[in-house]
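**Student:** the following block contains a protein sequence and its predicted model.
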Amino acid sequence: MSGNGTGRPMGPVAGFGRGHHHQGRFATAPKVKNARETLKRLGKYLKPKKAALGLVLMMVALSAAFNLTGPFLIGRAIDDYIIPGDIRGLIGISVLMLVIYILGALCTWLQNHIMVGLAQETVLEIRKDLFKKLQVLPLSFFDSRPHGDLMSRLTNDVENISNTLSTSVTQFFSSVFTFTGTLAMMLYLSPLLTLFTMLIVPVMLFCTGMVARRTRLLFVDQQKELGHLNGFIEETISGQKVVKLFSREEDNILEFEKCNQRLKAVSVRAQIFSGIMPPLMNLLNNIGFAIVAGVGGYLAVRNIITVGVIASFLNYSRQFSRPLNEMANQFNMIQVALAGAERVFEVMDEEPEPADEPDAVVLNEVAGAVKFQDVFFGYRKDSPVVKNINLDVRPGQTIALVGPTGAGKTTIVNLLCRFYDVDRGKITIDGRDIRQIRRNSLRSALGIVLQNTFLFSESVRNNIRYGRLDATDEEVERAARLANADHFIRRLPQGYDTILTENGSNLSQGQRQLLAIARAILADPAILVLDEATSNVDTRTEYYLRQAMLTLMKGRTSFVIAHR
């Protein structure tokens, strides 16, 4: 065996363990995708919900229509009833306005109610697709990505999409309908006043577009920095024992402060820039309102239009600018959602683990003959970890892989499990190239016990059963007895039903190791890989453990890794 690189952490085989590797704050920021393409991809999730979206649009249109009727009736009330002094007519039109506004409010409630459910269904599908994609990505993807950033994409970014779909979409369409209806009513009342009102619109559109483009980029940067911060926090929490052993608390605080300050800086820039929009729109609105009031007053003095028309038009002019304001404000929310969606789709676009060959077979009976023939491999093309490896292991034979860290011992196991494929040469099991074997079948034939055990926040029983999900309670307990774990399990508060905390932190290191060995025993694999499997137990436990392992290894091909 030869090696001139650093070995990579082991990944899971049938749940026997998980690598835990971070790049955290040193990760490269992803490229920003095209906003139009992102919207098209979101549209694919909404396409099956066309009926519900149609109903929402109908409610939005009705709500806008009811709300647009009010200002027109106010003008009629002034000209037809208030100035002539018709009290009965005034009461009648007031009641009509009340009914219309109640119907408008009811339509608004219905559209929001439907849209919330639709949004939650959509993000449920996005979250499910993202999680499913994570399950088929190769181990190399997780080796090269900060886990906190992936968590941020699965939670924060998807939640941003949910919030935007729940509120911003309906508000955007409501603004479009309101703007269109208001413009039609303004043209009906006074084309001349409408012309003066429209003078301010190009300025509004220019400002909105300029601010929206810049804001989207800033919010993308904000999401990236948030992902880096999450990665650092997750990394620090996971490594607290190491941090304390080396008294690096102050260093961690300083490093966290740097990450925190970077997030603060980009967040402040994003919020300040997006915050320009409301006061700017308010200023332009007031300018437009003053122009309409002045011109309208002049026309009324000249008896060209009535006071009621001016009152209605002023209400419409205010409503005319409000949907523009709302669209401008919603742009900020939409930019946040687009930034999150881009990051989500970036993961979905990653290349999955290569598919099995069409003629790949399932291993039915495994004798356990393993052969490495002229194997070359490197995690990077220019840096080989193993070169010209040749191993010929007979069924039932035990092979010890001994060497210093970085010599390529764990890499050999990674290649055997097909977490990575060889660059040159081949690996065979019972004479068959492992690339011609279905991955699930290959990995089911392997049992691995890692030095650093990973346990789930589940019961002790289910953690052992992870080795074979159809195992009975009796089989689980028998595996625990063989691993010398039964005695300490029964002393736990709920015995085999005791729920473990994150990564089994409520157990000692030796106890976690015993559970991992019990898990491997239950799986009953043809080929065993023991990576310092007995390194973290006391002398007495190690004695019983070795006896159990010797029994388990009888008749099975075994690779024993020792770091020396």
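**Tutor:** Nice, thanks for sending it over. Residues are numbered from 1 along each chain as shown.
**Student:** Val375 in helix, strand or coil?
**Tutor:** strand (DSSP: H, G, I helix; E, B strand; the rest coil).
**Student:** show me the contacts for it.
**Tutor:** Val386, Asn388, Ile389, Asn390, Leu415, Val422, Arg424, Gly425, Lys426, Ile427 (C-beta atoms under 8 Å, 6 or more residues apart in numbering). Where C-beta positions appear, they are placed from N, C-alpha and C, glycine not excepted.
**Student:** need the contact partners of the strand or helix carrying Ala480.
**Tutor:** Assigned by DSSP states H and E, Ala480 belongs to helix 473-482. The set of residues external to helix 473-482 that reach it, using C-beta under 8 Å, 6+ apart, is 461, 464-465, 467-468, 471, 486, 489, 496, 515, 518-519, 521-522, 548, 551-552.
**Student:** residues in contact with Ala35?
**Tutor:** Contacts of Ala35 by C-beta under 8 Å, 6+ apart are Arg216, Leu338.
**Student:** gap between it and Ile489?
**Tutor:** 54 Å (C-beta to C-beta, to the nearest Å).
**Student:** before we move on, what about Leu263?
**Tutor:** 44 Å.
**Student:** who has more neighbours out of those two?
**Tutor:** Using other C-beta atoms under 10 Å as the criterion, Leu263 and Ile489 rank with Ile489 on top: 25 against 20.
**Student:** tell me which residues touch that one, please.
**Tutor:** With C-beta under 8 Å, 6+ apart, Ile489 has these contacts: Val460, Ala480, Gly495, Tyr496, Thr498.
**Student:** quick one: stretch 364-376 to chain centroid distance?
**Tutor:** 38 Å (C-alpha atoms, centre = their mean, to the nearest Å).
**Student:** for the stretch 301-450 of the chain, which spans come out with low pLDDT?
**Tutor:** Where the stretch 301-450 of the chain drops to pLDDT under 70, the residues are 325, 328.
**Student:** what segments of it are strands?
**Tutor:** 370-377, 386-393, 398-403, 424-429, 432-433, 446-449 (DSSP state E, counting those that start in this stretch).
**Student:** nearest to Ile102, out of those?
**Tutor:** Checking the strands of the stretch 301-450 of the chain against Ile102 by C-beta to C-beta gives strand 446-449 as the closest, at 67.0 Å.
**Student:** in terms of secondary structure, what does the closest one contact?
**Tutor:** helix 509-523, strand 527-531 (3 or more C-beta pairs under 8 Å, 6 or more residues apart in numbering; DSSP states H and E).
**Student:** bridge partners for Leu528, pull those for me.
**Tutor:** On the basis of DSSP bridges, Leu528 is bridged to Gly447, Ser558.
**Student:** quick one: it and Ser558 touch, right?
**Tutor:** Yes. Between Leu528 and Ser558 there is a contact at 4.3 Å, judged by C-beta atoms under 8 Å.
**Student:** what residue lies at the spatial centre of the protein?
**Tutor:** What sits nearest the mean C-alpha location of the chain, by C-alpha atoms, centre = their mean, is Leu154, with 1.5 Å.
**Student:** can you tell me which residues contact it?
**Tutor:** Arg127, Leu130, Phe131, Leu134.
**Student:** so who does the closest residue to the first one other than its chain neighbours touch?
**Tutor:** Among residues not flanking Arg127 along the chain, Val158 sits closest, at 5.1 Å (C-beta to C-beta, 6 or more residues apart in numbering). With contacts defined as C-beta under 8 Å, 6+ apart, the neighbours of Val158 are Val123, Ile126, Arg127, Leu130, Gly340, Val344.
**Student:** just to be sure, which of the residues you listed are found in helices?
**Tutor:** Val123, Ile126, Arg127, Leu130, Gly340, Val344 (DSSP state H).
**Student:** quick check: which element contains the residue nearest to Asn112 when sequence neighbours are not counted?
**Tutor:** Residue nearest to Asn112 in three dimensions, not counting chain neighbours: Thr170, with 6.4 Å by C-beta to C-beta, 6+ apart. Here Thr170, judged by DSSP H and E, is contained in helix 169-189.
**Student:** run the angle between whichever helix or strand comes after that helix and helix 169-189 for me.
**Tutor:** Remark: after helix 169-189, the chain's next helix or strand is helix 191-198, criterion DSSP H and E. Helix 191-198 runs at 140 degrees relative to helix 169-189, counting by axes from the mean of the first three to the mean of the last three C-alpha atoms, to 10 degrees.
**Student:** now helix 191-198: buried residues?
**Tutor:** Within helix 191-198, the residues scored as buried using 16 or more other C-beta atoms under 10 Å are Leu193, Thr194, Phe196, Thr197.
**Student:** likewise stretch 522-532?
**Tutor:** Leu522, Ala523, Pro525, Ala526, Ile527, Leu528, Val529, Leu530, Asp531.
**Student:** closest one to Ala61 out of the residues you listed, please.
**Tutor:** Ala523 (60.2 Å).
**Student:** want to throw the strands of the stretch 301-450 of the chain into CSV with distance to Glu250?
**Tutor:** What follows is these, written out as CSV (distance: least, C-beta to C-beta, whole Å):
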stretch, distance to Glu250
strand 370-377, 41
strand 386-393, 40
strand 398-403, 37
strand 424-429, 47
strand 432-433, 53
strand 446-449, 37
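**Student:** can you check which of those gets nearest to Val362?
**Tutor:** strand 432-433 (11.1 Å).
**Student:** what sits up against that closest one?
**Tutor:** Contacts for strand 432-433 (C-beta under 8 Å, 6+ apart): Val361, Lys426, Ile427.
**Student:** so where is the protein shaky, pLDDT-wise?
**Tutor:** 1-33, 241, 245, 325, 328, 533-538, 541, 544-545, 548, 563-564.
**Student:** noted, bye for now.
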